[in-house]
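**Q** predicted model and sequence below, questions to follow.
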Amino acid sequence: MKTYSKPAATAASVQAVNVSDRAAALPVILTTALLGAFVIFGVGFAHSNVLHNAAHDTRHATGFPCH
Amino acid sequence: MWPALGAGCAAGVVFAVLQIFLTTPLILHAERYEASLSGSHYAQVVPSVLKSGTADGAQLWQVHGDAHTEQAWEPEDGLERMAYTALTAVLTGVGYGLLLVSAMALKGGAISPRSGLAWGVAGFIAFAMAPAMGLPPELPGSAAADLMSRQIWWAGTVIATVIGIAGLVFARNPVWSAASVVLIAIPHIVGAPEAGGYVSDAPAELAAEFVSVSLGASLVFWAVLGSVAALLWTRGEPGRSPVGA
């Protein structure tokens, strides 16, 4: 019993460390994703004519819906 | 975050160069037809080509029909316009880079330039190819449905395809795989908003070439984005786990 319980406990603790690492990283990951989405919105979606005209050729080339 | 910025700049610069040689010449060519379409000619052409009773309430919306008449600021043709195109290409790279890197981090596990390339190709499928199947990259002067409805369909298709690809690649359960296929198909079964008519005077060959070169340029962009992001992240140490790095 002892010989089995030790590896199992080690595996569980390694997994727990990985999970807590990812949990700790989650706010950073979400902030990064939100920032990316914000930039993409500005380049590809914002209806402002000035933004549209600046990004015009890129919007067409990337296939963003364009007016 | 730095791998995303570095890869975004690299992919953006590559994309800007591809645009200058591949897509921008076609856009400039099409704008000559667009200019000839404005004014009284446009008013006469539109009613005659509209399909009777446009389905699902779609309105005819000439691409650029209104924007150019409002005299908003726009970059001068030539170097200034090219500079803004390059700047927005780099911003597109940074934006997609941030999204791609956060998806890689969310997944966790080891990463290598090779798996980064796979992430990039998945990004191309979700953000370029899938929406292009309903809303092909359009030349100036094309007819299209209302802008907002097209943007909603575009975003919905991208989200469904992202979740669907993740389900296909990462889930180990046949039910999830089948559900993923259905999810990817739904936006195309629903269908993209249609213009309900055609108004462009630009030759069909020009539009066809534009679609194929812009999708090709997007594929190169995403391939560079994914592999460079992974390369910068692992800093030349293949197999390094991104979380905690």
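**A** Cool, the structure landed.

**Q** just checking, what packs against the helix or strand in which B:S227 is found?
**A** Secondary structure from DSSP states H and E places B:S227 in helix B:204-234. Under the contact definition 3 or more C-beta pairs under 8 Å, 6 or more residues apart in numbering or on different chains; DSSP states H and E, helix B:204-234 sits against helix A:56-62, helix B:2-18, helix B:24-37, helix B:79-107, helix B:113-124. To be clear about C-beta, it is placed using only N, CA and C from the backbone, and glycine gets the same treatment.

**Q** list the buried ones in it?
**A** Buried residues in helix B:204-234, counted by 16 or more other C-beta atoms under 10 Å in any protein chain shown: B:207, B:209-211, B:213-215, B:217-234.

**Q** still on that earlier bit, possible to save the helices and strands packed on helix B:204-234 as JSON lines with mean neighbour count and mean pLDDT?
**A** JSON lines is the format used below for these (neighbours: other C-beta atoms under 10 Å in any protein chain shown; pLDDT from 0 to 100):
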{"stretch": "helix A:56-62", "mean neighbour count": "26", "mean pLDDT": "91"}
{"stretch": "helix B:2-18", "mean neighbour count": "22", "mean pLDDT": "93"}
{"stretch": "helix B:24-37", "mean neighbour count": "18", "mean pLDDT": "82"}
{"stretch": "helix B:79-107", "mean neighbour count": "23", "mean pLDDT": "93"}
{"stretch": "helix B:113-124", "mean neighbour count": "20", "mean pLDDT": "95"}
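
**Q** out of the ones you listed, which comes closest to B:W154?
**A** helix A:56-62 (10.7 Å; C-beta to C-beta).

**Q** which residues are in contact with the closest one?
**A** A:43-44, A:52, A:66, B:15, B:19, B:23-24, B:27, B:74, B:81, B:85, B:88-89, B:92, B:128, B:137-140, B:210, B:214, B:217-218 (C-beta atoms under 8 Å, 6 or more residues apart in numbering or on different chains).

**Q** tell me which element B:G167 falls in.
**A** helix B:147-170.

**Q** who are the packing partners of that helix?
**A** In terms of contacts (3+ C-beta pairs under 8 Å, 6+ apart), helix B:147-170 is packed against helix B:130-134, helix B:174-190.

**Q** among these, which is nearest B:A105?
**A** helix B:174-190 (21.5 Å).

**Q** near chain B, which residues of chain A show up?
**A** Proximity of chain A to chain B, by C-beta under 8 Å from any C-beta of the partner chain, involves residues A:18, A:21-22, A:25, A:28-30, A:32-33, A:35-40, A:42-45, A:47, A:49-50, A:52-67.

**Q** any weak-confidence spans in chain A?
**A** For chain A, applying pLDDT under 70 flags the ranges A:1-21, A:67.

**Q** ok, now with 80
**A** Within chain A, the ranges that satisfy pLDDT under 80 run A:1-24, A:66-67.

**Q** so what's B:D77 closest to, chain neighbours aside?
**A** Nearest residue to B:D77, sequence neighbours excluded (C-beta to C-beta, 6 or more residues apart in numbering or on different chains): B:L28, at 7.9 Å.

**Q** just give me the residue closest to the centre of chain B.
**A** Nearest residue to the geometric centre of chain B (C-alpha atoms, centre = their mean): B:A128, 4.2 Å.

**Q** how about it: what's its closest non-neighbour residue?
**A** B:S218 (4.0 Å).

**Q** is the one you found in contact with B:F124, as I believe?
**A** Yes - because the distance of 5.9 Å satisfies C-beta atoms under 8 Å, B:S218 is recorded as touching B:F124.

**Q** low-confidence ranges, chain B, go.
**A** Checking chain B against pLDDT under 80 turns up B:1, B:34-72, B:196-197, B:199, B:235-245.

**Q** show me what contacts A:G36?
**A** Per C-beta under 8 Å, 6+ apart, neighbours of A:G36: B:A4, B:V94, B:G95, B:Y96, B:G97, B:L98, B:L99, B:L100, B:S102.

**Q** and the second one, how far is that from B:M104?
**A** In this case it means B:V94. Separation of B:V94 from B:M104 (C-beta to C-beta, to the nearest Å): 16 Å.

**Q** A:N49 now?
**A** A:N49 is 36 Å from B:M104, by C-beta to C-beta.

**Q** kindly report the same for B:A171.
**A** For B:A171, the distance to B:M104 equals 18 Å [C-beta to C-beta].

**Q** hang on, the earlier thing: please, a PyMOL command that selects the buried ones among the residues of chain A next to chain B?
**A** In PyMOL, this line selects whichever of these come out buried by 16+ other C-beta under 10 Å:
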select buried, chain A and resi 22+25+29+32+33+35+36+37+39+40+42+43+44+45+49+52+53+54+55+56+57+58+59+60+61+62+63+64+65+66+67
